[in-house]
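Asker: fold the stuff below for me.
(chains A and B)
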Amino acid sequence: MIHDLPFVGFLAALMGLALRRPFLFILAYVYIDIVSPQRLTYSLLNSVPISLIAVALAVGSWMLVDRKEDSRIAPRQLLILVLLGWCAVTTQYADFPNNALDKWDWVWKCLAFAAFLPLTLRTRLRIESLLTFMVLSAASIIIVGGIKTVAGGGGYGALDLMVANNSGLYEGSTISTVAIAIIPTILWLGKYGTIFKRDWKVKLFVAALVFACLLIPIGTSTRTGLLCIGLLALLKLRDSKRKLLYLGMIGALGLAAVPFLPQSFTDRMSTIKTYQQDESAATRVAVWKWTWDYVQQHPLGGGFDMYRQNHIRYDIVTADGTTDNARLDSTLTTDHARAYHSAYFEMLGEQGWPGLILWGLIALGGLFRMEVIRRRYRKADGEEAWIAPLASALQAGQLLYMLGACFIAIAFQPFMFMLVGAQIGLDTYLKRKRAETGFRPIVKRRAPAEPQPATA
Amino acid sequence: MIDYFALAVSHGLMLIAAWFLVTRRDLDDERPESTKKPLKRP
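Answerer: You can find the predicted model right below:
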C-alpha cells in the first residue's frame, strides 16, 4: 500500500487546473477509472467517492460550459446505448440477480461513459490528450511491471503490480493485452503528439515505455500476451515501408531476446503446444462448450455472472516417459462455476445472441471505420499527416484487444471502451472537418506548420 | 521503491501534460481567433 497524500495532491492539482479548462475533468475521470488510486492507498481516498465526483464534474461541466454545436453523434454511440439498455433488460431476469446487480453497477458506467466521451472530443488536441492520459495511466502499472520483470520478479500470477486483487488492469492477462494493444498509440504519440516537445527525452521515454509494454507478457507469463505480440508484429509489417528489412529486424530481435527470457516464461509458453495437459486450457474449452449448450436453450442469455451455475467435466492428459515413447494418461476432472476465459463467450452467455451481436458490431464497426479513415487520408500530408497513422493505431489496438479477448473475459473492459470512444471521437471530428472544408483531404502539398508543442 | 518510481514518473508526466493543456487554446477551439463570434454584451 502507498500513502494517500501524493495521490490527494495530484488529484487536487488536476482538479484545480480543470477549473480553468473543464475538459481536464474528463481526463481526471479517465485517470481514476484506469489507475483506481483508491485501491492503491490506505484510507483517505477510499472514504471519498472520487470516481463519482470526477464523473459528475466531467458531465456537469460539459453540460454547462462546453460548446455543443461541434459535437456529433455516431451510429456506434447509439449501438453502445442499445447495448446498455439490453444489459439492463437481462439484469432484470438474470439467473443470479444479486451478482448480476454487482456487475451491472460498473458495466453501466463503462458503457455510458463510452457513449458520452466522443461528444467531448471536438478538437485534435482533445483526442490526443485523452490518448496521452490513457497511456500514462496505464504506464503507471506497466512501468512497475516492466522494471520488476527485468529485476526477475515475474511469473504467472506472481508479478507484483501493486494491487493484489486481480481487478481491472491489475490482472495479469488483462494488462498483458492492454500493454500490447496500446503500443501503436504510444508510437503515434511519440511521432505526432503536440503536448510535449518531440525531442530526445520524448523519444527515450517512448522507447522505454514500449520496451516495458513488451516485457509485461513476459513478466506475467501470459500466453495471450505472446499471441498479441505476434499479431502486433504482423500489423506493424502492414504499415512498414521496407517490409523485408522489417522482417529481418523482427527475426533478429526475436532470436536475440530468447536467451534473456526467464525460465518461468518459456515453461509456460511451451504449454501452448501441449494444451491438453494444461488444466487452464482444458477448463476453457469445457466452459465454452457449456456456454454454447446453455445458449441453445437460452438464446437471450442468462444475465451477468451466469457462469456461476456451470458444472463441467473435462479430461487432463498427462504424458510419462520420453518424447518418442510417451505413455498418455487421461484423468477425468470436474469443476463448477468456472469463469468464461473469453469475452466472446462472456457476451454470449450473459447477454445472449442480441448482446454478442451488438458488442460485435461495436468492435467490427470500429475496425471498419478506422480502415475507411486510413484509406481516405493515406496520402494526406502536412496538417492532416497525423490522421491515417492514428486511425491505424486505434484499429491495431482494437484488433489486438479482440485477439486477447478470445482468452480473457474482458468484454466490458473500461480501458478498451475508452479506445472505442477515441475512435468514434476521431471519426466524428473528421466528419465535421470535412463538412467545414468541403471534403478535400490535403494531398502532397506543403501545408502550414503543425500545432506547436508547448515548451517547458 | 519501484512502485514509487513508476507512480512518480507517470503522475509527474500527467501533471506536466495537464499544465501544458491549460495553456493551449486549441484544446477547446480550433477556429482562428479572428473567426470567433464576439461575446454578447450583457
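
Asker: please count neighbours and contacts with C-alpha atoms only from this point.
Answerer: Noted.

Asker: next, count neighbours for residue 19.
Answerer: Let's take chain A. 14 (other C-alpha atoms under 10 Å in any protein chain shown).

Asker: switch to chain B, that's the one I care about
Answerer: By the measure other C-alpha under 10 Å, the count of residues near B:Trp19 is 18.

Asker: ditto for A:Trp62
Answerer: The burial count for A:Trp62: 18, using other C-alpha under 10 Å.

Asker: isn't it up against A:Phe25?
Answerer: No - taking C-alpha atoms under 8 Å as the definition, A:Trp62 is not a contact partner of A:Phe25, at 9.2 Å.

Asker: quick one: contacts for A:Tyr377?
Answerer: A:Glu384, A:Ala385, A:Ile387, A:Ala388, A:Pro441 (C-alpha atoms under 8 Å, 6 or more residues apart in numbering or on different chains).

Asker: swap in A:Phe211?
Answerer: A:Phe211 is in contact with A:Gly146, counting by C-alpha under 8 Å, 6+ apart.

Asker: and for the one 4 residues further on?
Answerer: A:Leu215 is in contact with A:Gly145, A:Gly146, A:Thr149, A:Val150, counting by C-alpha under 8 Å, 6+ apart.

Asker: what sits up against stretch A:298-306?
Answerer: The list of residues contacting stretch A:298-306 from outside it, by C-alpha under 8 Å, 6+ apart, reads A:87, A:90-91, A:93-96, A:99-101, A:103-104, A:295, A:348-354.

Asker: of those, select the buried ones using a ChimeraX command.
Answerer: Of the contacts of stretch A:298-306, the buried ones can be selected in ChimeraX as follows, counting by 16 or more other C-alpha atoms under 10 Å in any protein chain shown:
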select /A:87,90,91,94,95,96,99,100,101,104,295,348,349,350,351,352,353,354
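
Asker: just the closest of the contacts of A:Tyr377 to chain B, please.
Answerer: Here the nearest of the contacts of A:Tyr377 to chain B, counting by C-alpha to the nearest C-alpha, is A:Glu384; it sits at 14.0 Å.

Asker: what helix or strand is A:Thr334 on?
Answerer: Assessed by DSSP states H and E, A:Thr334 sits inside strand A:326-336.

Asker: one more: A:Gly152?
Answerer: Counting by DSSP H and E, A:Gly152 is found in no helix or strand.

Asker: and the helix or strand that A:Asn98 is a member of, is it in reach of chain B?
Answerer: Per DSSP H and E, A:Asn98 falls inside helix A:97-120. No - shown here: helix A:97-120 not in contact with chain B (C-alpha under 8 Å from any C-alpha of the partner chain), separated by at least 9.5 Å.

Asker: so for the strand holding A:Thr334, mean pLDDT?
Answerer: Per-residue pLDDT over strand A:326-336 has a mean of 74.

Asker: and if you look at stretch A:238-254?
Answerer: If you average the pLDDT over stretch A:238-254, you get 81.

Asker: what about the closest residue to chain B within the stretch 301-450 of chain A, how many residues close to it?
Answerer: Across the stretch 301-450 of chain A, the shortest distance to chain B (C-alpha to the nearest C-alpha) belongs to A:Lys433, at 10.6 Å. A:Lys433 is flanked by 16 other residues according to other C-alpha under 10 Å.

Asker: want to throw the contacts of A:Leu215 into a markdown table with secondary structure?
Answerer: Shown next, in a markdown table, are the contacts of A:Leu215 (DSSP: H, G, I helix; E, B strand; the rest coil):
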| residue | secondary structure |
| --- | --- |
| A:Gly145 | helix |
| A:Gly146 | helix |
| A:Thr149 | helix |
| A:Val150 | helix |
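
Asker: most neighbours, which of those residues?
Answerer: A:Gly145 (33 neighbours).

Asker: just checking, it touches A:Gly152?
Answerer: No - applying C-alpha under 8 Å, one finds A:Gly145 not in contact with A:Gly152, separated by 10.4 Å.

Asker: residues in contact with A:Leu364?
Answerer: Applying C-alpha under 8 Å, 6+ apart to A:Leu364 gives no contacts.

Asker: can you show me the strands along chain A?
Answerer: Remark: strands assigned in chain A by DSSP state E are A:311-321, A:326-336.

Asker: coming back round to it: what pLDDT does the residue of the stretch 301-450 of chain A closest to chain B get?
Answerer: 89.

Asker: distance-wise, check A:Thr295 relative to chain B.
Answerer: Wrong residue type there; residue A:295 is Val, not Thr. 44 Å (C-alpha to the nearest C-alpha, to the nearest Å).

Asker: do the same with A:Cys87
Answerer: From A:Cys87 across to chain B, the span is 34 Å (C-alpha to the nearest C-alpha).

Asker: can you tell me, leaving aside adjacent residues, what's nearest to that residue?
Answerer: Spatial nearest neighbour of A:Cys87, excluding adjacent residues (C-alpha to C-alpha, 6 or more residues apart in numbering or on different chains): A:Gln351 at 6.7 Å.

Asker: next, count neighbours for A:Ala257.
Answerer: Around A:Ala257 there are 10 other residues, counting by other C-alpha under 10 Å.

Asker: let me redo that: A:Pro118
Answerer: Per other C-alpha under 10 Å, the neighbour tally for A:Pro118 reads 26.

Asker: contacts only, for it.
Answerer: A:Ser71, A:Ile73, A:Gly421, A:Ala422, A:Ile424, A:Gly425, A:Thr428.

Asker: now, of the residues you listed, which are buried?
Answerer: By 16+ other C-alpha under 10 Å, the contacts of A:Pro118 give A:Ser71, A:Gly421, A:Ala422, A:Ile424, A:Gly425, A:Thr428 as buried.

Asker: up against chain B, what does the stretch 101-250 of chain A have?
Answerer: By the rule C-alpha under 8 Å from any C-alpha, the part of the stretch 101-250 of chain A lying against chain B is A:122-126, A:129, A:133, A:136-137, A:139-141, A:143-144, A:147-148, A:162, A:195-196.

Asker: now the buried members of those.
Answerer: For those, buried by 16+ other C-alpha under 10 Å: A:122-126, A:129, A:133, A:136-137, A:139-141, A:143-144, A:147-148, A:162, A:195-196.

Asker: which residues in the stretch 201-350 of chain A form helices?
Answerer: With DSSP state H, counting those that start in this stretch, the ranges of helices along the stretch 201-350 of chain A come out as A:223-239, A:243-257, A:263-269, A:279-297, A:343-376.

Asker: same deal with the stretch 1-150 of chain A?
Answerer: Using DSSP H, counting those that start in this stretch, helices in the stretch 1-150 of chain A cover A:4-18, A:23-35, A:37-40, A:50-65, A:75-92, A:97-120, A:124-150.

Asker: now do chain B
Answerer: Along chain B, counting by DSSP state H, helices occupy B:2-22.

Asker: for stretch A:46-59, buried residues please.
Answerer: Using 16+ other C-alpha under 10 Å as the test for burial, stretch A:46-59 gives A:Ile50, A:Ser51, A:Ala54, A:Val55, A:Leu57, A:Ala58, A:Val59.

Asker: wait, I meant stretch A:242-258
Answerer: Across stretch A:242-258, burial judged by 16+ other C-alpha under 10 Å covers A:Leu247.

Asker: ditto for stretch A:232-241
Answerer: For stretch A:232-241, burial by neighbour count (16+ other C-alpha under 10 Å) applies to A:Leu232, A:Leu235, A:Lys236, A:Leu237.
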